[in-house]
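Undergrad: sharing a model that was predicted from the sequence below.
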Amino acid sequence: MTQSDSSPESGKALSRGAESAPALIVTQPPKVEMLLDALAAIDKISERVGEDRSADMGGGGGAMAKKGDDTSAAATARNQKIANLPAQEVMRSELQKQIEKEVAELHTEVKKTKKRLTRPGAAYKLNTLYGRIRKLNSLIGELFDAAYDVVKRLFIKVVIDRQKVL
């Protein structure tokens with residue numbers, strides 16, 4: 001008689017068979033979700049940049065009122081552009097041009113960084129630049145499979161608001 005067969009711990013171990021163990025399922029996220037994540041990151045960045053702190057220290061109160069008039073005129077121009085959006089294919093081609101332009105800018109920055117490769121942190125910067133180039137190139141491929149709403153949001157951010165993609 002072995003006591004290990006009648007112990008309470010062995011009873012629990014026997015009842016936890018291989019079929020009751022949680023199965024690990026790994027799935028790939030769809031490409032559209034990655035595009036939506038990039039758009040959400042763009043929204044967060046634009047909210048941080050748009051903050052005005054000129055009136056925090058008590059100066060610039062008069063300039064603030066004048067600036068408000070300019071922003072309302074700019075907002076109406078922006079709303080007018082949004083109301084007159086082109087067809088989806090035209091938006092995609094404009095977005096592709098803007099993304100390719102940003103990739104070209106990154107390539108020139110890579111060339112500059114390669115010249116200064118011996119400096120500390122240059123390899124890290126080069127790696128991040130290549131990562132951004134890869135993301136932009138994959139975004140061009142995903143752009144043609146994306147829904148109209150996603151293309152529209154990205155078009156407004158990149159073409160109308162003149163923001164960077166990444």
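TA: It's in.
Undergrad: next secondary structure after the helix of greatest length in the chain?
TA: Across the chain, the longest stretch assigned as helix under DSSP state H is helix 88-115. With elements assigned by DSSP states H and E, the helix or strand that comes after helix 88-115 is helix 122-143.
Undergrad: got the contact list for the next helix or strand after that following helix?
TA: Per DSSP H and E, the first helix or strand lying C-terminal to helix 122-143 is helix 148-155. For helix 148-155, the external contacting residues (Cβ atoms under 8 Å, 6 or more residues apart in numbering) are 32, 35-36, 39, 85, 88, 91-92, 94-95, 143, 146, 165. Glycine gets a C-beta too; all of them are placed from N, C-alpha and C.
Undergrad: one more time with 10 Å
TA: By Cβ atoms under 10 Å, 6 or more residues apart in numbering, the list of residues contacting helix 148-155 from outside reads 32, 35-36, 38-40, 42-43, 82, 85-86, 88-92, 94-95, 98-99, 139, 142-144, 146-147, 161, 165.
Undergrad: same thing with stretch 101-112?
TA: By Cβ under 10 Å, 6+ apart, stretch 101-112 touches 125-126, 128-137, 139-140, 158, 164-166.
Undergrad: number of nearby residues for the nearest residue to Met34 once chain neighbours are set aside?
TA: Setting aside the residues directly before and after it, Met34 is nearest to Glu142 in space (Cβ to Cβ, 6 or more residues apart in numbering), at 6.9 Å. Look at Glu142: counted by other Cβ atoms under 10 Å, it has 16 neighbours.
Undergrad: same question for Ala146.
TA: Each residue near Ala146 was counted by other Cβ under 10 Å, and the total is 20.
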